[in-house]
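Asker: Sharing a sequence plus its predicted fold:
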Amino acid sequence: MAVLRISHFAPTIVYFLLLSSSYPIFAINITSLLSTYPDLSDFANLLTATAVDGDLIHRSSLTLLAVPNSFLRASDLAHRSSASSLADVIRYHVLLQYLSWPDIRQIPAAGKLITTLYQTTGRATNDFGSVNITRNPANGVVSVHSPASYSPSNATILSLIKTLPYNVSIFTVNSLLVPNGFDLMASESRPPLGLNITRTLIDGHNFNVAASMLMASGVVEEFEADEAGAGITMFVPTDDAFADLPTTERLQSLPADKKAVVLKFHVLHSYYTMGSLESIVNPVQPTLATEEMGAESFTLNISKVNGSVAIDSGIVQATVTQTVFDQNPVAIFGVSKVLLPREVFGNNPIATTRPTPNNGATGTAQPPDISLSPENSPGSYTPPSRMSSPPGFREELRSEAQINRGQRFILACALCCIGLYVVV
């Protein structure tokens, strides 16, 4: 008669393997990835020397354009630039979007504009902190250059050397890229952040209504004071978003105190990068309005929908359309709709319609006339709120497809171990 005997080690092995299947995948240091490629050692050293590698730890989706030693040593840009300028040049090689080789091959001849890490510093002029990637349909050559016309700085993509699907890809290029109009010999000393939010929005060219409302309400000073605490993340509606508001929703006619609450409803009292918003653990997030009006009120629901960050106010769902500014401790993102809190505008979903020229559209909003306020005092500290730390600071870099495959593999190993310890 056959006797089944299962070793007492089998449950322990299965338990260990199942535990390890749920263990998170941590962020991988970019310089560690580059360390296996000796021909990229100079570029890896620049990432470390300029501290740009530290800026990448908390980002979950990026493409790095690395310059091989032979091309880097043939250029004197790295030697005649100040340290701060060189750091921005390196940031210009970090694209804030994951691009695979198939993505590169599908780029149209007209090109594709991609935001870089340099654009998020607020030091780029207009959109010159972005790069335009084009592909020649005749020979398949992919070029990277400034969106400015007749830019003298350009590079050709040579090859894909490393990819972590949906998170990180590393391509080699044949030249250092320099942003258009960039001063390589700029002073190494930069002023402390003390960001003038209104000026940043006006420079964004599509946020004039929001800038005017912030100035008129006086809440912008409160936002700027919060930079010294846990930081802030602002979701700023575009001018088109304000133009799309139904005439029944009279935002501008609200009393000043309620209008201020609506503006605070667009701000989280913690600094979040785009990557941390995309991988947010707790989707329901309190806002500055929550802190003023009470717990569990005036919250936003943040999630990733169809590859974009979606923000649900309860009656309006908007998407993040662009990064206006991103430098710890302040992030400013453009959003497609005005976030209307249900506590002020009711619980019924609101359908927005764009006004046509026949029903009173006024065209593009004009920037407000402002006098720049003094920079924030470094001593104005605001204690952190009750919010949990942004998920980006946990240094997790998840790839859901990879995790699922890993779990299936480990479960199969567990079953094999059981089979090895079963004696018939």
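Answerer: Thanks, I have the structure now.
Asker: Wait, a helix at residue 128?
Answerer: No: if the criterion is DSSP: H, G, I helix; E, B strand; the rest coil, then residue 128 is coil and not within a helix.
Asker: what about it, distance to residue 344?
Answerer: According to C-beta to C-beta, to the nearest Å, residue 128 and residue 344 sit 39 Å apart. Heads up, the C-betas are built off the backbone N, CA and C, glycines and all.
Asker: Isn't residue 109 up against residue 137?
Answerer: Yes: contact criterion C-beta atoms under 8 Å: residue 109 and residue 137 qualify, at 5.4 Å.
Asker: Walking through the stretch 51-200 of the chain, point out its strands one by one.
Answerer: 62-66, 94-95, 112-115, 130-135, 142-145, 154-164, 168-173 (DSSP state E, counting those that start in this stretch).
Asker: I'd like the ones you listed written out as JSON lines, with mean neighbour count and mean pLDDT added.
Answerer: Putting the strands of the stretch 51-200 of the chain into JSON lines (neighbours: other C-beta atoms under 10 Å; pLDDT from 0 to 100) gives the following:
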{"stretch": "strand 62-66", "mean neighbour count": "24", "mean pLDDT": "95"}
{"stretch": "strand 94-95", "mean neighbour count": "22", "mean pLDDT": "94"}
{"stretch": "strand 112-115", "mean neighbour count": "16", "mean pLDDT": "91"}
{"stretch": "strand 130-135", "mean neighbour count": "21", "mean pLDDT": "92"}
{"stretch": "strand 142-145", "mean neighbour count": "20", "mean pLDDT": "92"}
{"stretch": "strand 154-164", "mean neighbour count": "16", "mean pLDDT": "92"}
{"stretch": "strand 168-173", "mean neighbour count": "22", "mean pLDDT": "95"}
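Asker: okay, those in CSV with distance to residue 241 next?
Answerer: Putting those into CSV (distance: least, C-beta to C-beta, whole Å) gives the following:
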stretch, distance to residue 241
strand 62-66, 27
strand 94-95, 26
strand 112-115, 20
strand 130-135, 22
strand 142-145, 31
strand 154-164, 35
strand 168-173, 32
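Asker: closest to residue 224 out of the ones you listed?
Answerer: When the strands of the stretch 51-200 of the chain are compared by C-beta to C-beta, strand 112-115 sits nearest residue 224, at 23.8 Å.
Asker: got any ranges where this protein has weak pLDDT?
Answerer: 1-28, 76-84, 150-152, 182-194, 226-230, 247-249, 281, 347-424 (pLDDT under 70).
Asker: tell me, how many neighbours does residue 291 end up with?
Answerer: 15 (other C-beta atoms under 10 Å).
Asker: pretty sure it contacts residue 269?
Answerer: Yes: using C-beta under 8 Å, residue 291 makes contact with residue 269 at a distance of 6.6 Å.
Asker: Dump stretch 63-77 to CSV, keeping only the CA atoms.
Answerer: Output of stretch 63-77 as CSV, limited to C-alpha atoms (Å, rounded to 0.1, in the frame of the first residue of the first chain):
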residue,chain,number,x,y,z
THR,A,63,14.1,57.6,-19.9
LEU,A,64,17.8,58.4,-19.6
LEU,A,65,19.9,59.6,-22.5
ALA,A,66,23.5,58.6,-21.6
VAL,A,67,26.6,59.8,-23.5
PRO,A,68,29.4,57.3,-24.0
ASN,A,69,32.9,58.2,-22.9
SER,A,70,34.3,58.6,-26.4
PHE,A,71,31.7,61.3,-27.3
LEU,A,72,31.8,62.9,-23.8
ARG,A,73,35.5,63.3,-23.8
ALA,A,74,35.5,64.8,-27.3
SER,A,75,33.4,67.7,-25.9
ASP,A,76,34.6,70.4,-23.6
LEU,A,77,31.2,71.3,-22.3
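Asker: Run through the residues that contact the residue nearest to residue 172 when sequence neighbours are not counted.
Answerer: Spatially, and ignoring its direct neighbours in sequence, residue 172 is nearest to residue 158 (4.4 Å; C-beta to C-beta, 6 or more residues apart in numbering). For residue 158, the contacting residues are 68, 171-174, by C-beta atoms under 8 Å, 6 or more residues apart in numbering.
Asker: Also residue 148?
Answerer: Contacts for residue 148 were tallied using C-beta under 8 Å, 6+ apart; they are 128, 180-181.
Asker: Now with 7 Å, please.
Answerer: By C-beta atoms under 7 Å, 6 or more residues apart in numbering, the contact list for residue 148 reads 128, 180.
Asker: Can you name every helix or strand that the strand or helix carrying residue 242 contacts?
Answerer: Using DSSP states H and E, residue 242 maps to helix 239-243. Counting contacts by 3 or more C-beta pairs under 7 Å, 6 or more residues apart in numbering; DSSP states H and E, helix 239-243 packs against helix 208-217.
Asker: In terms of secondary structure, what does the helix it packs on contact?
Answerer: Under the contact rule (3+ C-beta pairs under 7 Å, 6+ apart), helix 208-217 is packed against helix 197-203, helix 239-243, helix 256-264.
Asker: Do a quick rundown of the helices in the stretch 251-400 of the chain.
Answerer: Using DSSP state H, counting those that start in this stretch, the helices found in the stretch 251-400 of the chain span residues 256-264, 274-278, 288-293, 342-345, 400-420.
Asker: Tell me the bridge partners for residue 268.
Answerer: Beta bridges link residue 268 to residue 233, judged by DSSP bridges.
Asker: just checking, it touches residue 285?
Answerer: Yes: in this structure, residue 268 is within contact of residue 285 by C-beta atoms under 7 Å, at 5.7 Å.
Asker: Compare these two (neighbour count), which wins?
Answerer: Taking neighbours as other C-beta under 10 Å, residue 268 and residue 285 compare with residue 268 leading, 24 against 21.
Asker: so how far is residue 110 from the more buried one?
Answerer: According to C-beta to C-beta, residue 268 and residue 110 sit 36 Å apart.
Asker: Okay, now stretch 237-246: how far is its last residue from its first?
Answerer: 15 Å (C-alpha to C-alpha, to the nearest Å).
Asker: With stretch 324-341 instead?
Answerer: By C-alpha to C-alpha, the extent of stretch 324-341 from end to end equals 23 Å.
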